[in-house]
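# 3D model of this:
(chains A and B)
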Amino acid sequence: MRRILSAVVVSVAVMAVTAAMYGQRRITPVGSPELIDPAKLPHLHDSLGNVVVVDTTALVTDSVAAVEVPKVSKMIYPLIYEVTAGVDIWNPVMRIIGQDYGLASVWGELNMHNRYFPYFEMGMDNADATPDNSNFTFKSSAAPFFKVGASYNVFYNSNPGYQLKFGLRYGITHFSYQYDGIVIDEGYWGQPAYTSIGSQSATAGYLEVVAAVKVKIYRGFSMGWTLKLHKLLHEADNQFGEPMIIPGYGNRKNLFAGGFSLMYTFGINQLKSKDPDPVPVRMDEQSSAAKR
Amino acid sequence: MALIKSAYICFVAAAVLALSVQSCTTSMCTDNRNSIPEAGFYNVDTGEAVNVVGVSIGGIGAPNDSLLYDNQTVQLVYLPLRPDAEVTSFRFHFSSDDTTDPDTGEVMPDHTHDDIVTFYYSSTPYFEGEECGAILHYFIDRVDFTPDGHIADIQLIDPNVTNEHKEYLRMYFHVVATDPGEDGESKETLRGKRSVAVVPVKEGGRL
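From the prediction side, this is the model:
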């Protein structure tokens, strides 16, 4: 009797498992089942010349059901993750090799989720430029400029020591300038006129579209290149003409400007890891690990 | 591997950056590098634009008495002002005043009836751009001309002279009659002193 009872229990269990498997297979297809048009099925021939019909629909359905796509969290890093401070030495270096404007600037940005980077910059620029074959010398005394904006890190789920960012910045400056040594010779009278444009003041605002690369050097120290596509947005009219060079913007005729910065990054909510150059685990993995 | 990838990205970015900064500029000087008043010639009776025949124009005090126009037929002339002064005078000579020696056939210029046109103005330096440089803008206060001469009147259209191409003043000439020309076209010709020989401006252009 006990054997019979055991056999019945095993049989019921096998039936239940089989029914469960069968039932699971029936609910696998995504969406409403479609009628199969035999004409659309691929036809193959085996070695004996028999026609073999392949039901690719079933294959796709099974493969989708078989693969489990892990959920990826959009934000691996904390909201307030790091603060980076940098000094842009592009203009000082360029000035050594012949550029006739620019001093330096310092900037800072906040790392939010290693994805969004609010940005602030302040600096000082001056100029003393006499272009080749020109009839004037442009001068502007040291004047401050300010920029605010934000960037987006393309590799936001990667190591924050290496970033490729794109962003927008708005810059504004108030400065004075003058043109000295102006020589006007229209060629007929043979007697040129010598004149100058005295000190003028101006306020200018401009927009920068930025592409920036950051590379970690050692611990918190990094360096980075910046390419700026910029455009003047507003400036005051002047009866003597526009300034040739604008603090923080550079020469007004250039479409692009460059930047090279040395920077240091301060961690605020660093992820805990013994790895000195960590690539952190995802937040869902962290939470599951915490549960364990 | 990540470091090599990053270094490669940085190298490419730096190369693009350097090339872009060096080569990409947005301006070239396509304008005049000087501000020169342009004067159009007109018939005082009809108000129509005319080509004045045989006109010579030179600045008074110009080096070697060089001429801007030498016995030309023109409807529009450029009269460059002295950049180092506030008064500039031009001498207008017309070939219709010349006489021909009956014995030798030599043409004898007669400058006794030349017209003198004098500009009074002030100038302001203006930065036109890095490529065009600094220029002068002029403001013409007034224009004087010889009374009872070939020029009947001068109309100042725009006293603010910049490097923009346009007619800043109109000079009206005495033109008294029309004779058929050698080529069959009508020609307004001189009928005595202080009038000029002209050719009507054809539709669509000047000489």
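# Please make it C-alpha for all contacts and neighbour counts, starting now.
Fine.
# Can you name every helix or strand that the longest strand along chain B contacts?
For chain B, the strand with the greatest residue count under DSSP state E is strand B:115-129. Counting contacts by 3 or more Cα pairs under 8 Å, 6 or more residues apart in numbering or on different chains; DSSP states H and E, strand B:115-129 packs against strand A:193-218, strand B:87-94, strand B:133-145.
# Would you mind giving those as CSV with mean pLDDT and mean neighbour count added?
Shown next, in CSV, are the helices and strands packed on strand B:115-129 (pLDDT from 0 to 100; neighbours: other Cα atoms under 10 Å in any protein chain shown):
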stretch, mean pLDDT, mean neighbour count
strand A:193-218, 96, 18
strand B:87-94, 95, 21
strand B:133-145, 95, 20
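# Just put the ones you listed in CSV and tack on distance to A:Gly149.
Below are the helices and strands packed on strand B:115-129 laid out as CSV (distance: least, Cα to Cα, whole Å):
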stretch, distance to A:Gly149
strand A:193-218, 9
strand B:87-94, 54
strand B:133-145, 34
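# can you tell which of those is closest to B:Asn34?
Nearest of the helices and strands packed on strand B:115-129 to B:Asn34, taken as Cα to Cα: strand B:133-145 at 5.9 Å.
# name the helices or strands packed onto the helix or strand just after the closest one?
Going down the chain from strand B:133-145, the next helix or strand is strand B:151-156, by DSSP states H and E. Secondary-structure packing of strand B:151-156 (3+ Cα pairs under 8 Å, 6+ apart): strand B:133-145, strand B:169-173.
# and the shortest one, C-alpha only, in CSV?
It stands for strand B:169-173. What follows is strand B:169-173, C-alpha atoms only, in CSV (Å, rounded to 0.1, in the frame of the first residue of the first chain):
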residue,chain,number,x,y,z
LEU,B,169,27.3,113.3,-54.0
ARG,B,170,25.9,114.3,-57.4
MET,B,171,27.5,116.9,-59.7
TYR,B,172,25.2,118.6,-62.1
PHE,B,173,26.7,120.0,-65.4
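# What strands flank it, and is each parallel or antiparallel?
For strand B:169-173, the paired strands and their directions (DSSP bridges) are strand B:38-43 (parallel), strand B:151-156 (antiparallel).
# Please tell me how far the helix or strand that the first one is followed by is from the chain's geometric centre.
Reading on from strand B:38-43 to the C-terminus, the next helix or strand found by DSSP H and E is strand B:50-59. How far strand B:50-59 lies from its chain's middle: 11 Å, per Cα atoms, centre = their mean, to the nearest Å.
# in chain B, which ranges drop under the pLDDT threshold?
Within chain B, the stretches with pLDDT under 70 are B:1-27, B:176-194, B:202-207.
# Could you give the backbone dihedrals for the residue most central in space within it?
In chain B, the C-alpha nearest the mean C-alpha coordinate belongs to B:Tyr78, at 1.1 Å (Cα atoms, centre = their mean). Main-chain dihedrals, B:Tyr78, degrees, to the nearest 10: phi -100, psi 130.
# That one against B:Gly40, yeah?
No - using Cα atoms under 8 Å, B:Tyr78 is not in contact with B:Gly40, being 9.1 Å away.
# For the residue nearest to the centre of chain B, which non-adjacent residue is spatially closest?
Residue nearest to B:Tyr78 in three dimensions, not counting chain neighbours: B:Glu38, with 4.6 Å by Cα to Cα, 6 or more residues apart in numbering or on different chains.
# do the same with A:Thr203
Per Cα to Cα, 6+ apart, closest to A:Thr203 is A:His174, 4.3 Å.
# All the helices of chain A, residue numbers only.
Here chain A has its helices, by DSSP state H, at A:2-26, A:56-66, A:90-96, A:283-291.
# and the shortest one, what does it pack onto?
Counting by 3+ Cα pairs under 8 Å, 6+ apart, the packing neighbours recorded for helix A:90-96 are strand A:104-111, strand A:256-267.
# Now the shortest one: buried residues?
The reference is to strand A:104-111. Using 16 or more other Cα atoms under 10 Å in any protein chain shown as the test for burial, strand A:104-111 gives A:104-111.
# Check the residues you listed against chain B and report the nearest one.
Closest to chain B out of the buried residues of strand A:104-111 is A:Ala104 (17.5 Å), distances taken as Cα to the nearest Cα.
# mind checking pLDDT for the closest one?
Reported pLDDT at A:Ala104 in the predicted model: 92.
# Surely it touches A:Met94?
No - contact between A:Ala104 and A:Met94 fails when scored by Cα under 8 Å: they sit 10.8 Å apart.
# Quick one: residues contacting the residue nearest to the centre of chain B.
B:Tyr78 is in contact with B:36-39, counting by Cα atoms under 8 Å, 6 or more residues apart in numbering or on different chains.
# List phi and psi for A:Ile80.
phi -100, psi 100.
# Over to B:Thr112. Which of the three states is it?
helix (DSSP: H, G, I helix; E, B strand; the rest coil).
# one step back: what's around the residue nearest to B:Tyr78, how many residues?
For B:Glu38, the number of neighbouring residues by other Cα atoms under 10 Å in any protein chain shown comes to 18.
# Tell me if I'm right that A:Gln191 and B:Gly61 touch.
No - the criterion here is Cα under 8 Å, and A:Gln191 misses it with B:Gly61 at 10.7 Å.
# What mean pLDDT does stretch A:154-165 get?
Averaging pLDDT along stretch A:154-165 gives 93.
# who in chain A is up against chain B?
Applying Cα under 8 Å from any Cα of the partner chain, one finds that chain A approaches chain B through A:131, A:134-136, A:162, A:182-186, A:188-197, A:213, A:215, A:225-227, A:239-242, A:244, A:253-258.
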